[in-house]
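Trainee: Below: sequence and its predicted model.
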Amino acid sequence: MTSSPATGTPASQRRIAFATIVGTTIEWYDFFIYATSAALVFAQLFFEPAGKGLGLLFSFATVGISFLFRPLGAFLAGHYGDVIGRRAMLVATLVLMGGATTLIGVLPTYAQVGIAAPIMLLILRILQGLSAGGEWGGAVLMAVEHAPADRRGRAGSWPQLGVPLGFMLASGVTALMTGVISPGAAYLEWGWRVPFLLSVVLIVVGFVIRRSVDESPVFAEIAERGKQASLPIITLFRRHWQLVLLAAFVFVGNGTLGYMTTGGFLNNYAISVQDLARTDVLVAAVFAAAVWFFSTMFAGYLSDVIGRRSTFLIGFALQAAVVFPVFWLVDAGGLPGLYTALLLISTGLGLTYGPLAAWYAEIFPASIRFSGVSITYALGAVLGGAFAPMIAQMLLDATGTTVAVSSYLLFATLLGAGATLCLRDRSGIDLGPGNEAEQATGATVFESKNTADLAGVR
């Protein structure tokens, strides 16, 4: 199977790689700095009257509520991304995310303005959710649609790398503030604001870089032919709703476990239950992000060799094997146990994250692809990661043991693996707008196998 004739040049692919990595790193730094702070300070500063335990649940809930607005962001960005182009949406979502993050850094606390403080915090978190829902689809399509067919897995892993890099940067800056610049009371007074305010610098950098890249060659060809879908979302759900649901479940299997780390639950568990030092735990989170980075990169390469589906199944098998031991390691091994647990989690997460962009791009037709990948990813994030930290905390509070938490993670992993088995690998399929009929069929095992064979699937 040949690739679309509208692939980018090697020089443009390098620019796209740099732009997508930098851009998504900035986006997810902004997103994760909130999740990190939710576990460390927001319960005290914005939900003080609720008390420590309930305040922490409220704080984790604000992490999850933003996910409920990701589908709206995905709907908006998906529609306009399929109608006016990928690049415009990349720039718009970056500015929205960075602006909301910077404003969080100047918010007054509950002690200063009362109930208005958590309300303003929630509004800005919602804006972050809208941005995150729209950003991912544009970034991955810019990367994948510029790439030749035999390198789509690697190209698709570029924007994925921005997630562990953003988490690494958020954890590292927070660790610096808690351990060096403003330890103790100073961190609660003003130090927590600094990571949010840094976002204003990152916005400028990301804006300049993203404005410099070329439009996706696939969309450029769609526009040249005048084949933009007028109502891409309606077409998506009318013809491909089963595909959207199955692909979303695939991401549920990754996101539920992933947000145990990035959503702050495991950090808070190590600090509050096992009494590990806050800065030590944040440094361990930086280590986890580094492992996640390299396993994600490796998974992109691997998926170009053995296929997206096979890479996912290996990753889910590893995740299923570690969901119980990770908490035992933290309970019994202290800080070394935490490092070991994070190593195991992050390796599995990378294998079920690196190939996601390429696989999503290959299962949706060109004219509705932005809507398809954005809405599917956002739906998976809502069903998987949105309230995972809060659910885990409730299970821990209700049972007094992590067995219930691990069982919850195992269920999500098995759900992702089951959905993976229901999808076909379409590595190498032509992504161009001239191949819409082939792209629109054969993506699931429930469709005609003969059609899938014509698409050159594994």
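Mentor: Received it, and whenever you're ready, just let me know what you need. Numbering: from 1, shown residues only.

Trainee: Identify the residue spatially nearest to Gln319, adjacent ones excluded.
Mentor: Spatial nearest neighbour of Gln319, excluding adjacent residues (CB to CB, 6 or more residues apart in numbering): Gly348 at 4.0 Å. The way it works is simple: take the backbone N, C-alpha and C, and place the C-beta from them, glycine included.

Trainee: Remind me what the helix or strand containing that neighbour packs against, helices and strands.
Mentor: Gly348 is located in helix 325-351, with elements delineated by DSSP states H and E. Contacts defined by 3 or more CB pairs under 8 Å, 6 or more residues apart in numbering; DSSP states H and E place helix 325-351 against helix 232-262, helix 265-268, helix 278-306, helix 308-322, helix 403-422.

Trainee: what angle do it and helix 232-262 make?
Mentor: Between helix 325-351 and helix 232-262, the angle comes out at 140 degrees (axes from the mean of the first three to the mean of the last three CA atoms, to 10 degrees).

Trainee: Now helix 325-351: buried residues?
Mentor: Buried residues in helix 325-351, counted by 16 or more other CB atoms under 10 Å: 326-327, 329-331, 335, 337-351.

Trainee: Show me where the stretch 201-350 of the chain dips below the pLDDT cut-off.
Mentor: Counting by pLDDT under 70, the stretch 201-350 of the chain shows low-confidence ranges at 210, 212-230, 262-264.

Trainee: didn't the residue nearest to Gln319 look like it was pressed against Pro325?
Mentor: No. With contacts counted by CB atoms under 8 Å, Gly348 stays clear of Pro325, the gap being 11.7 Å.

Trainee: for the residue nearest to Val283 when sequence neighbours are not counted, phi and psi?
Mentor: Excluding its sequence neighbours, the residue lying closest to Val283 (CB to CB, 6+ apart) is Ala175, at 5.3 Å. Main-chain dihedrals, Ala175, degrees, to the nearest 10: phi -60, psi -40.

Trainee: any idea how far Val281 is from Ala175?
Mentor: Taking CB to CB, to the nearest Å as the measure, Ala175 and Val281 are separated by 9 Å.

Trainee: one step back: pretty sure the residue nearest to Val283 is touching Thr279, no?
Mentor: Yes. Assessed by CB under 8 Å, Ala175 is found in contact with Thr279 at 5.4 Å.

Trainee: which element is the most centrally placed residue in the chain on?
Mentor: Most central in the chain under CA atoms, centre = their mean is Val163, positioned 6.2 Å from the mean C-alpha point. Using DSSP H and E, Val163 falls within helix 152-176.

Trainee: residues touching the closest residue in space to Leu245 that isn't next to it in sequence, list them.
Mentor: Using CB to CB, 6+ apart and skipping residues adjacent in sequence, the residue nearest Leu245 is Leu379, 7.7 Å away. Residues near Leu379 by CB atoms under 8 Å, 6 or more residues apart in numbering: 71, 74, 244-245, 248.

Trainee: Which of the residues you listed sits closest to Tyr29?
Mentor: Of all the contacts of Leu379, Ala74 has the smallest distance to Tyr29: 20.4 Å, by CB to CB.

Trainee: Next, the closest one: secondary structure please.
Mentor: Following DSSP: H, G, I helix; E, B strand; the rest coil, the label given to Ala74 is helix.

Trainee: Run through the residues that contact Ala361.
Mentor: Ala361 sits next to 140-141, 144-145, 152, 156, 369, 373, 431 when contact means CB under 8 Å, 6+ apart.

Trainee: Quick one: buried ones out of the residues you listed?
Mentor: Among those, those buried by neighbour count (16+ other CB under 10 Å) are 140-141, 144-145, 152, 156, 369, 373, 431.

Trainee: With pLDDT as new columns, can those be given to me in a markdown table?
Mentor: Listed next are these as a markdown table, based on pLDDT from 0 to 100:
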| residue | pLDDT |
| --- | --- |
| Val140 | 83 |
| Leu141 | 83 |
| Val144 | 88 |
| Glu145 | 83 |
| Arg152 | 92 |
| Gly156 | 91 |
| Arg369 | 88 |
| Val373 | 90 |
| Leu431 | 87 |
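
Trainee: Name the nearest residue to Phe67, ignoring sequence neighbours.
Mentor: Ala386 (3.3 Å).

Trainee: hang on, I meant Ala277
Mentor: Nearest residue to Ala277, sequence neighbours excluded (CB to CB, 6+ apart): Ile271, at 7.7 Å.

Trainee: pretty sure the one you found is in contact with Leu282, am I right?
Mentor: No. Using CB under 8 Å as the test, Ile271 is too far from Leu282 to be in contact (9.3 Å).

Trainee: which of these two has more neighbours?
Mentor: Using other CB atoms under 10 Å as the criterion, Ile271 and Leu282 rank with Leu282 on top: 23 against 19.

Trainee: before we move on, what SS does the residue nearest to Phe67 have?
Mentor: Secondary structure assignment for Ala386 (three-state DSSP): coil.

Trainee: Around the nearest residue to Phe316 once chain neighbours are set aside, count how many other residues there are.
Mentor: Spatial nearest neighbour of Phe316, chain neighbours left out: Ala417 (4.0 Å); criterion: CB to CB, 6+ apart. Ala417 has 20 neighbouring residues, counting by other CB under 10 Å.

Trainee: List the residues that contact Ala417.
Mentor: Ala417 makes contacts with 253, 312-313, 316-317, 320, as judged by CB under 8 Å, 6+ apart.

Trainee: give me that answer again for 10 Å
Mentor: Contacts for Ala417 (CB atoms under 10 Å, 6 or more residues apart in numbering) come out as 249-250, 253, 312-313, 315-317, 319-320, 352.

Trainee: picking up where we left off before, list the residues that contact both of Ile271 and Leu282?
Mentor: Leu40.

Trainee: Disregarding residues adjacent in the polypeptide, which is nearest to Phe196?
Mentor: Leaving aside its sequence neighbours, Phe196 sits nearest to Gly105 (CB to CB, 6+ apart; 3.0 Å).

Trainee: Could you do Ala320 as well?
Mentor: Thr413 (5.0 Å).

Trainee: from what I can see that neighbour touches Thr352, true?
Mentor: Yes. With contacts counted by CB atoms under 10 Å, Thr413 reaches Thr352, the gap being 8.7 Å.

Trainee: Looking at those two, which has the bigger crowd around it?
Mentor: More neighbours surround Thr352 than the other of Thr413 and Thr352, with 31 against 26 (other CB under 10 Å).

Trainee: correct me, but that one touches Leu313?
Mentor: Yes. In this structure Thr352 lies within contact range of Leu313 using CB under 10 Å: 9.1 Å.
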